[in-house]
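Asker: give me coordinates for this.
(one chain, ligands or ions: 1)
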Amino acid sequence: MVNQRTRVKFCGITRAEDALFAAKLGVDAIGLVFYSPSPRAVTIDQAKKVMAGLPAFVTTTALFVNPDANDVEDVITQLPVDLLQFHGEESGDFCRQFNRPYIKALAMHQQMDWDALNSEYDDARGWLLDTYKPGVPGGTGETFNWDWLPDSKQVSQPIILAGGLDAGNVKKACQQTGVYGVDVSGGIEVSKGVKSAEKMQQFIKQIIV
Ligand SMILES: O=C(O)c1ccccc1N[C@@H]1O[C@H](COP(=O)(O)O)[C@@H](O)[C@H]1O
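Answerer: Numbering: from 1, shown residues only. A predicted model of the protein is given here:
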């Protein structure tokens, strides 16, 4: 039996050099933000450059927040993204219309209706559980109470933990929660959209030993 380590996604990548460095460190996935109000948003041309030098086996994820279906189509017809990430209030039907694997981000509250979510997003490849902050769809840089995570009897989808992770708390997060994966954006940046090689390395060191 192979030991499974926590999977890692670095999100909000805007520069080819950051994507390459992340790949060298061994990340499983990188995220490209297609949500224009975000300071980490990329255009399709920028995303092409970021993706160009990536080696095989690094999953590329396109992140949207309540997009028009046409905008998603534009991205998936022009870029070879592997996975869609919906970070708004998209319905299950909306997410699955593109016939692409998707993950659904959910803003965490103490009480979640896991049964309803199970039936709405039963075909999601993972649920990304992120901090709830009114008016901010994601990238808050803030953690939520990890005791609120569901147990394996409540959900069947792989859980990806997000929200305020960094090199200082990710090890504890993995040990305490046993999640399938973690997703980080602000915790590995020097400034919004610009990743820090040092912080990326420190983050990975906590997971890949
Ligand atoms: O990064 C953004 O700007 C962003 C904008 C809108 C929705 C989601 C966004 N990022 C995602 O938010 C989480 C947590 O980010 P952080 O580590 O707390 O900064 C992460 O999954 C990003 O993918």
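Asker: what's the distance between the spatially closest residue to residue 114 that is not a sequence neighbour and the ligand?
Answerer: What sits nearest to residue 114 in space, not counting adjacent residues and going by CB to CB, 6 or more residues apart in numbering, is residue 154, at 4.3 Å. Yep, even glycine has a C-beta here, placed from its N, CA and C like the rest. Counting by CB to the nearest ligand atom, to the nearest Å, the separation of residue 154 from the ligand is 21 Å.
Asker: please tell me how far the nearest residue to residue 25 once chain neighbours are set aside sits from residue 130.
Answerer: Nearest non-adjacent residue to residue 25, counting by CB to CB, 6+ apart: residue 204, 4.5 Å away. To residue 130, residue 204 is 21 Å away according to CB to CB, to the nearest Å.
Asker: between these two, tell me which one has more neighbours.
Answerer: Under the criterion of other CB atoms under 10 Å, the comparison of residue 204 against residue 130 puts residue 130 first, with 25 against 20.
Asker: who touches the host helix or strand of that one?
Answerer: Secondary structure from DSSP states H and E places residue 130 in strand 126-131. The contact list for strand 126-131 (CB atoms under 8 Å, 6 or more residues apart in numbering) reads 85, 87, 103-108, 117, 121, 138, 140, 142-144, 149, 155, 157-164, 180-181, 183.
Asker: which parts of the chain sit against the ligand?
Answerer: Residues of the chain that fall close to the ligand, judged by CB under 6 Å from any ligand atom: 11-12, 31, 33, 35, 38, 40, 63, 65, 87, 128, 130, 137-141, 162-165, 183-187.
Asker: would you list the phi and psi of whichever residue of the chain sits closest to the ligand?
Answerer: Nearest to the ligand, among the residues of the chain, is residue 138, at 2.2 Å (CB to the nearest ligand atom). When read as degrees, to the nearest 10, the backbone of residue 138 gives phi 170, psi 180.
Asker: the residue most central in space within the chain: what secondary structure?
Answerer: Centroid-nearest residue in the chain, with CA atoms, centre = their mean: residue 183, separated by 4.8 Å. Assigned by DSSP: H, G, I helix; E, B strand; the rest coil, the conformation of residue 183 is strand.
Asker: and residue 105, by the same measure?
Answerer: Applying three-state DSSP: residue 105 is strand.
Asker: correct me, but it touches residue 140?
Answerer: No: using CB atoms under 8 Å, residue 105 makes no contact with residue 140, being 11.7 Å away.
Asker: out of those two, which sits in the busier spot?
Answerer: It is residue 105, of residue 105 and residue 140, that has more neighbours when counted by other CB under 10 Å, with 25 against 18.
Asker: residues in contact with that one?
Answerer: 85-88, 127-130, 138, 162.
Asker: and which of the residues you listed is nearest residue 6?
Answerer: Here the nearest of these to residue 6, counting by CB to CB, is residue 162; it sits at 12.6 Å.
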